[in-house]
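J.: Predicted model follows, preceded by the sequence.
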Amino acid sequence: MQALHFNENPGENDPEPSDRLYKIRPLLDFFEKRMREIDYPNRSLSLDESMLLWRGRLLFRQYVQGKRHKFGIKIYMLTEPSGLVHRLLIYAGAGDKDVGGKGHAGKVVHSLLTDFKNKGHAIYMDNFYNSVELSRQLLREKTYTTGTLRSQRVNNPPDVIKQKLRKGEEFHQWSDDGVCVLKWRDRREVLALSTEFGAEMVEVLGKRNVRKPRAVVEYNRCMGGIDHFDQYMSYYTCEHRTLKWYKKVAIHIFQIMLLNSYLLYNKYSGEKRICMTLGMK
């Protein structure tokens, strides 16, 4: 572990690298190159963030409420619903030269989708990323979006935002360029956006049979890629103690590679899936 190293350190007279992730940049590039070579994803992809626990001092350490690890290094991921990771982006803080600053969420989405635009993919994401303007941009590039939406986003249709609903009711509005914004009330009001699905109601069987908008049903079905990834990773944790942040990130990437290998085997073997979880038979 003491000798684990991934990049050349700058010389005594060399300037400090502007890339905050330069210590592990070759490993990140290798992961992306390898995934590009060996597999192309299914049509449906989910985009969300995951947190790598880090309690030490670090310029770009983040706090995300609601995560299992609230403090740590934020990693944006593009996954299949099964949890297979195709692209990852480590957030280096507001000073990140690629995705930092104004329009951060949109920059993250465009960066992760660099290889997948104009190919008809359907992207599922939550209200941190989703907006009417972003969905319009992606639709022009033949990429469909579905997800929840924040009520204060710019360009939201005011008629939908102000609409008051009773339980089970829905209200929606299509734009001329193919963006559907809808509001539906179950136990609470849900605001969603889709460029692929409308607000037609479908029956969902479960503990309580309810009718939900098609966009909400598809979002619930396909959005769980990061949740599945975090679940798999929790079964075999490798929380190695180290004073070097880049070593912890590197070990985490090794774990992602191992998990991807397992998921790719299940995807292409054609055999019964191996049970990886907690002693299941």
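T.: Looks like it arrived, so ask away. Residues are numbered from 1 along each chain as shown.

J.: in the chain, which helix or strand is least confident?
T.: strand 62-63 (a mean of 84; mean pLDDT, DSSP states H and E).

J.: For stretch 230-244, report the contacting residues that lie outside it.
T.: 1, 50, 53, 56, 68, 83, 247-248, 251-252, 255, 259, 262, 276-278 (C-beta atoms under 8 Å, 6 or more residues apart in numbering). (Glycine included, C-beta is placed from N, CA and C.)

J.: Could you list which of those belong to strands?
T.: If you go by DSSP state E, these have 50, 53 in strands.

J.: Any of the contacts of stretch 230-244 buried? List them.
T.: By neighbour count, with 16 or more other C-beta atoms under 10 Å, the contacts of stretch 230-244 hold 50, 83, 247-248, 251-252, 259 as buried.

J.: The stretch 51-200 of the chain: helices as residue ranges?
T.: In the stretch 51-200 of the chain, the segments counted as helices under DSSP state H, counting those that start in this stretch are 104-112, 132-140, 158-162.

J.: TSV for those helices, including mean neighbour count and distance to residue 62?
T.: Shown next, in TSV, are the helices of the stretch 51-200 of the chain (neighbours: other C-beta atoms under 10 Å; distance: least, C-beta to C-beta, whole Å):
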stretch	mean neighbour count	distance to residue 62
helix 104-112	18	12
helix 132-140	18	22
helix 158-162	12	30
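
J.: now those helices as a markdown table including distance to residue 268?
T.: Putting those into a markdown table (distance: least, C-beta to C-beta, whole Å) gives the following:
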| stretch | distance to residue 268 |
| --- | --- |
| helix 104-112 | 23 |
| helix 132-140 | 29 |
| helix 158-162 | 43 |
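
J.: could the ones you listed go into CSV alongside distance to residue 230 and mean pLDDT?
T.: Formatted as CSV, those follow (distance: least, C-beta to C-beta, whole Å; pLDDT from 0 to 100):
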stretch, distance to residue 230, mean pLDDT
helix 104-112, 18, 95
helix 132-140, 25, 96
helix 158-162, 32, 93
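
J.: Would you mark the buried spots in the strand or helix carrying residue 231?
T.: For residue 231, the host element (DSSP states H and E) is helix 225-235. For helix 225-235, the neighbour count (16+ other C-beta under 10 Å) marks 225-226, 228-230, 232-233 as buried.

J.: tell me which of the buried ones among the contacts of stretch 230-244 is nearest to residue 14?
T.: residue 247 (22.4 Å; C-beta to C-beta).

J.: I'd say the closest one and residue 1 touch.
T.: Yes - judged on C-beta atoms under 8 Å, residue 247 makes contact with residue 1 at a distance of 6.8 Å.

J.: Next, the buried residues of stretch 82-98.
T.: Neighbour-count burial for stretch 82-98 flags 82-92, 96 (criterion: 16+ other C-beta under 10 Å).

J.: so where is the stretch 151-281 of the chain shaky, pLDDT-wise?
T.: For the stretch 151-281 of the chain, the stretches with pLDDT under 70 are 239-240, 270-281.

J.: Now with 80, please.
T.: 205-209, 236-243, 270-281 (pLDDT under 80).

J.: All set now, cheers.
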